[in-house]
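Chemist: Pasting a predicted model and its sequence here:
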Amino acid sequence: MPAVLSRLAAIFVAACLLFTAQVVTTPQRAAAADPGYLMLHFTGEGSAGQQMYLSHSADGLHWNDLNGGAPILRSTIGTKGVRDPALVRSPDGSKYWIIATDLCISCGQSWSDSINNGSRNLVVWESKDLVNWSEPWLLNVAGAIPDGRNAWAPEAIWDPETKDYVLYWATNVPLDGRTKHRIFYARTSDFRTTTTPQIYIDRPGTQELIDTQIVEVAAGVGNYRYVRASGDGQITIEGSNSILGTWTKLGDLSGIGLTGTAGTTGTKVEGPMWMKFRDRNEWALYLDQYAIGGGYMPVTTANPSAPGTYQIPASGSYNMGVNKKRHGSIMNLTAAEESRVLARWPSTPAKRLQSFNFQDRYVRHTNFDVRIDQNITSDDAKFRLRPGLAGSGTVSFESVNNPGYFLRHANYDFQLVRNDGTAQFAADATFRQVAGLADATWSSFQSYNHPDRYIRHYAYQLRLDPITTATGRGDATFRVVN
């Protein structure tokens, strides 16, 4: 009997050890191992703040500014400013679009101008891979609206019923001499042409509505397939089972403790932006605290159609990064998309190129020409040293304030030129960083496709020349500094 008990005990211990080993060694999915989230946004007023910025998060709550905190795209058309962007992915993942408000406050436009006689256009970019973007174009969406004064805060959602996009935005059509923004919509398949705009959301009387965003909710969560959050004095929550069907008001977020100016609650936020956590049945609704200049903060819920379930996360449970993040769009990334985005826009610090023989001068661009000038600290003299466009072990110089534009030689002269994606451009914009020709502790930059030539300045202009003299060696030597 004791032997039997001893044997049973041994078996029991072995089983426990086996179970313990299985518990310990079973792989646990870490949140950071899954693809993360991409936020497209603007940062504030002025020509620099009203451009396209990207941030990345592994968990949807802690955000890192990409591209060293600099814009990834800059509008060169319309008002030359962009706000309120939406990031749209085609159902098959083969195309992406950015659609944004054509608006530049404090850089040529006042709020009164933009409200009463603003741009009727949206700014649109297109991409096949989320990192290489077309030149922007203007899409006139409000020109066909009688007495339509502007076009703000665009959004778009794929409609599976009609196999195209419902594009919706706010336009001011005055009522009884007062402004009245309401939401219009049109259909589009390519963001180049649209159907005739129709009223989508029109609040009673003089109540205005500028911001709204729709999220599709999985079956089994709440009673509605679609939920939209709208900034119409507070954040109003509505539900529907069809994008263009009947919407039911479910409540608002005025009671959850969002503080605005003068102690008011729930009424001083705008720009609702949805995000679904990929690892659990929980959503974040990001809200822009415009009244206190606070930028985005999240509220969370397990049921978007139940306003009473929204909660403000505990202090310290989220971090928005360095840049202020304002009215934008969040995309759940695939692994391939995340890899491409993080490779294209790492947080590479901005650098300057200091001349060796004129040490008070730095390489800078002006009107897209390139030269060395004295004591330049502006973004015109700041570049990101990217991995060379044409080959490994090389560098290319991307402008900080004109993202997508690189130092490129043509006929041995230098200009700042937008990357057109061609092999010729890549070769012309690629250099080998070698020991300085005048001082080995500095650097010189040898042309990739003309290896007998180096970047040098001549009469303060940047050129690509053979170097044969002591003066040339000094002209072709630079120091990479912060």
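Modeler: Looks like it came in fine. Numbering: from 1, shown residues only.
Chemist: From residue 376, how far off is residue 359?
Modeler: Here the distance between residue 359 and residue 376 works out to 13 Å (CB to CB, to the nearest Å). The way it works is simple: take the backbone N, C-alpha and C, and place the C-beta from them, glycine included.
Chemist: Could you give the separation between the terminal residues of stretch 229-237?
Modeler: End-to-end distance of stretch 229-237: 5 Å, with CA to CA, to the nearest Å as the criterion.
Chemist: And stretch 63-79, by the same measure?
Modeler: End-to-end distance of stretch 63-79 (CA to CA): 29 Å.
Chemist: Report the mean confidence score over it.
Modeler: Taken as a whole, stretch 63-79 carries a mean pLDDT of 92.
Chemist: Buried residues in stretch 63-77, which are they?
Modeler: By neighbour count, and taking 16 or more other CB atoms under 10 Å as the criterion, the buried residues in stretch 63-77 are 63, 64, 65, 66, 67, 69, 70, 71, 72, 73, 74, 75.
Chemist: now swap in stretch 232-244 and tell me
Modeler: Residues 232, 234, 235, 236, 237, 238, 239, 240, 243 are the ones in stretch 232-244 that count as buried (16+ other CB under 10 Å).
Chemist: doesn't residue 437 make contact with residue 473?
Modeler: Yes - taking contacts as CB atoms under 8 Å, residue 473 lies within contact range of residue 437: 4.0 Å.
Chemist: Now for these two: what residues contact both?
Modeler: Common neighbours of residue 473 and residue 437 are listed as residue 467 (criterion: CB atoms under 8 Å, 6 or more residues apart in numbering).
Chemist: returning to what we had before: kindly reformat the buried residues of stretch 63-77 as CSV containing secondary structure.
Modeler: CSV is the format used below for those (DSSP: H, G, I helix; E, B strand; the rest coil):
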residue, secondary structure
63, strand
64, strand
65, strand
66, coil
67, helix
69, helix
70, coil
71, coil
72, coil
73, strand
74, coil
75, coil
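Chemist: Pull the most distant pair out of the residues you listed.
Modeler: Using CB to CB, these span at most 24.1 Å, a distance reached by 64 and 75.
Chemist: Need the three-state assignment for the residue nearest to residue 368 when sequence neighbours are not counted.
Modeler: Spatial nearest neighbour of residue 368, chain neighbours left out: residue 416 (4.6 Å); criterion: CB to CB, 6 or more residues apart in numbering. In the three-state summary, residue 416 is assigned as strand, counting by three-state DSSP.
Chemist: now the stretch 151-300 of the chain, which segments are flagged as low pLDDT?
Modeler: For the stretch 151-300 of the chain, residues meeting the criterion pLDDT under 70 lie at 259-267.
Chemist: Quick check: can you list the domain ranges of the chain?
Modeler: Annotated domains of the chain cover 33-344, 352-481 [automatic domain parsing].
Chemist: Any idea how far apart the tips of the last one sit?
Modeler: To tie it back to what came earlier, the one meant is domain 352-481. Counting by CA to CA, the length from the leading to the trailing residue of domain 352-481 is 5 Å.
Chemist: Let me see the mean pLDDT of it.
Modeler: Model confidence over domain 352-481, given as mean pLDDT, is 94.
Chemist: Also stretch 308-326?
Modeler: Averaging the model's pLDDT scores along stretch 308-326 yields 89.
Chemist: Quick one: distance of that stretch to the chain centre.
Modeler: On the basis of CA atoms, centre = their mean, to the nearest Å, stretch 308-326 sits 18 Å off its chain's mean C-alpha point.
Chemist: Export the host helix or strand of residue 397 to CSV, keeping only CA atoms.
Modeler: Secondary-structure element containing residue 397, defined by DSSP states H and E: strand 395-399. What follows is strand 395-399 as a C-alpha-only set of coordinates in CSV (Å, rounded to 0.1, in the frame of the first residue of the first chain):
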residue,chain,number,x,y,z
VAL,A,395,22.5,58.7,-47.4
SER,A,396,19.9,61.0,-48.9
PHE,A,397,18.9,64.4,-47.5
GLU,A,398,15.2,65.0,-46.9
SER,A,399,14.0,68.5,-46.1
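Chemist: All set now, cheers.
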